[in-house]
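>>> Fold the stuff below for me.
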Amino acid sequence: MSYEPIQDYGIIGDLNTAALVSRKGSIDWLCLPRFDSPSVFAALLDDEKGGRFRISSPADGITYKQFYWPDTNVLVTRLLAPSGVGEITDFMPVPEGEDDPEKHRLVRIVGATRGSMKFRAECRPAFNYARDPHALKLVAGGAAFRSDTLNMKLVTKSELANDGNGGVISEFELAAGESRAFVLQCAKPGEETQWPPEEDEAKQWFEDTVRYWREWLSHCTYTGRWREMVNRSALVLKLLTYKPTGAIVAAPTCSLPESIGGERNWDYRYTWVRDAAFTLYALMRIGFTQEAANFMTWIEARCHEMAPDGTLQIMYGIGGEHDLNEETLKHLEGYCGSSPVRVGNGASGQHQLDIYGELLDSIYLYNKYGSPISYELWQDVCRLLDWVCLHWKEKDHGIWEVRGEPQDFVYSKVMCWVALDRGLRLAGKRSFPGDLDTWAKNRDGIYEEVQKSGWNEKRQAFTQFFGGDSLDAANLILPLVFFISPTDPRMLKTLEAIRKAPEQGGLVSDSMVYRYNAQSHIDGLEGGEGSFNMCSFWLVEALTRAARRDRRLLEEARLLFEKMLGYANHLGLYSEQTGDCGEALGNFPQALTHLAMISAAYNLDRAYGDGEAEWPGLEGKSS
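Just a heads-up that it's a prediction; the model follows:
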């Protein structure tokens, strides 16, 4: 079996971890019991050694289709053959109460809906990123897999056979109306598999899981255009949430390449501080205040753990872990031969100034639209603002986490301005004490410096870093955070420059936006990358806000948005990037892309509304 295209996958999960299911019914990625645990299925990163759980049919002429059970994260894979129609229903029940490894279940219900169909189930785990050997024991009602780091059991009424390679196989035929369940779950050390569930037990889990997702989605307040896509993005964001702490992973995968065969392969199974503002904004905008509160609790805990010098890491583990040591797995070939395969993330130790702006923006937003922040958190905020005043003039690695030389990135300076601006607003609204004069002086100094050194008169645009002439899609955020008016001539000129084709010095190819010119080697890496989906939605929102002066920009924004919807996969999911041929690249699905899609949809819909709601720039993200 060769590698499936990244865009041919769906996702299921239980708010602790997630699995990717291919259009052809193969689970090729699953880490247990957490998102950031070592993998048990990793065929995505090594087709031969990675391990998978595949259910297929030996029949000829199979056509595959996938869809989600309406308003849920229950995935259905349909197999259409000359002899009949079969379905595989995949889901992970969301455990209640305290975390228990045994409650992490992957349920696969196989059935025939028309005619009859032969099926073949193959389950071959590869523990600890395919580094740990395991023992297999066939028992009544299933099989036990034991390794030094994790034990699992597969429970089914189907007869299982040893495949001779550490896995099991089962071949069976079902007539219309018949079904068969397979349940894979973590097991306690030394536990035998003596638990054959009845078919109606798996069906009860199905009903409970459908009910859970529909009840959760019922809290969504978005009723505008593109409601189906907004709902799907909300469901994705919930799936990427680690329930015990409220943290949201950037993506559930690691080392999916930004270009096939390239080295830009990173581990995204962690939580970035900069995601905070985007996450809180998107969730609160569409009614999910409890999720925003849970995430805010995680953010506040990180503030209490800041370094003695008053700094934060740019990212943390989903449980708040600080050590994210990067490691190369040389025994795995990588997706379609794209190496190295990396786990952990060395960028966690980088100097990135922008995170303080995103953090303060998220705290400000939550204080305004969620609940008032505590005095203890305000004390941490004061330390952060004092640190920003002392260090904003330094060079850093920027939002894109370049592994080249640090620069005076315009986006980083602007977000330092945001940090001080939101701190001052918070102090004013809550009458909090602080060194307001120093904060205001530095805020104004940053503003003047960006206008002077970040603006390139020749390019007629804000550039990527002071003194440079290359563009950066991150600057599309400038009007969204109120650094500059969306109709300011300098911002309109920057929009004009970015919207040009790459061969003309711009960053846009049709509707797709590149985050920067990768050929400039500013990031210290070889090779290129695809367009950045989040940035494409940022362009939509920037044009929407600028349209207050020129309504033609609103029509352009809508067209770009509709085109971007066409680049989602068959299930409405987005990867981090899109390649030249429309293929998905990078880790999948990516939270930030879905957050940006929600924000763009919300504001574009408002712009087409009536009265005062017509122009989203009147309120914006942080007013």
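
>>> Just name the shakiest helix or strand of the protein by mean pLDDT.
helix 275-285 (a mean of 84; mean pLDDT, DSSP states H and E).

>>> who does the helix or strand that it is followed by touch, helix- and strand-wise?
Towards the C-terminus, the helix or strand next in line after helix 275-285, according to DSSP states H and E, is helix 289-304. If you count contacts as 3 or more C-beta pairs under 8 Å, 6 or more residues apart in numbering; DSSP states H and E, helix 289-304 packs onto strand 241-242, strand 247-248, helix 275-285, helix 355-369, helix 375-391. Bear in mind the C-beta positions are built from the backbone N, C-alpha and C, glycine included.

>>> winner for burial among the ones you listed?
strand 247-248 (a mean of 26; mean count of other C-beta atoms under 10 Å).

>>> List the strands paired with that strand, with their directions.
strand 241-242 (antiparallel) (DSSP bridges).

>>> Show residues contacting the strand it pairs with.
When contacts are defined by C-beta atoms under 8 Å, 6 or more residues apart in numbering, strand 241-242 is touched by residues Leu15, Asn16, Arg34, Phe35, Ala247, Ile248, Val249, Glu291, Asn294, Phe295, Ile318, Gly319.

>>> so how many other residues sit close to the fourth one?
As a burial measure, the neighbour count of Phe35 was computed by other C-beta atoms under 10 Å and equals 27.

>>> what sits against it?
Contacts for Phe35 (C-beta under 8 Å, 6+ apart) come out as Asn16, Thr17, Ala18, Leu240, Tyr242, Val249, Pro252, Arg269, Ile318.

>>> any idea how far it lies from Gly13?
9 Å (C-beta to C-beta, to the nearest Å).

>>> got the contact list for the closest residue to Glu576 other than its chain neighbours?
Taking C-beta to C-beta, 6 or more residues apart in numbering, and ignoring the residues beside it in sequence, Glu576 has Gly586 as its nearest neighbour in space, at 3.1 Å. The contact partners of Gly586, by C-beta under 8 Å, 6+ apart, come to Ile6, Ala251, Leu256, Pro257, Glu258, Glu529, Gly530, Ser575, Glu576, Gln577.

>>> what's the distance between Gly586 and Met415?
According to C-beta to C-beta, Gly586 and Met415 sit 23 Å apart.

>>> Residues that sit against both of Phe35 and Gly13, list them.
When contacts are counted by C-beta under 8 Å, 6+ apart, Phe35 and Gly13 have Leu240, Pro252 as shared neighbours.

>>> can you pull out the helices in the stretch 101-250 of the chain?
127-130, 199-217, 227-239 (DSSP state H, counting those that start in this stretch).

>>> Go through the ones you listed and find the least confident stretch.
Mean pLDDT values for the helices of the stretch 101-250 of the chain show the minimum at helix 199-217, a mean of 92.

>>> Phi, psi for Trp29 please.
As for Trp29, its main-chain torsions (degrees, to the nearest 10) stand at phi -150, psi 120.

>>> Contact partners for it?
Tyr9, Ala19, Leu20, Ser39, Phe41, Ala42, Ala43, Leu44, Leu45, Pro252, Thr253.

>>> Could you measure from the fourth one over to Arg225?
Right, the one you point to is Ser39. From Ser39 over to Arg225 (counting by C-beta to C-beta), the distance is 39 Å.

>>> So those two - more neighbours on which side?
Comparing Ser39 with Arg225 by other C-beta under 10 Å, the one with more neighbours is Ser39, at 28 against 15.
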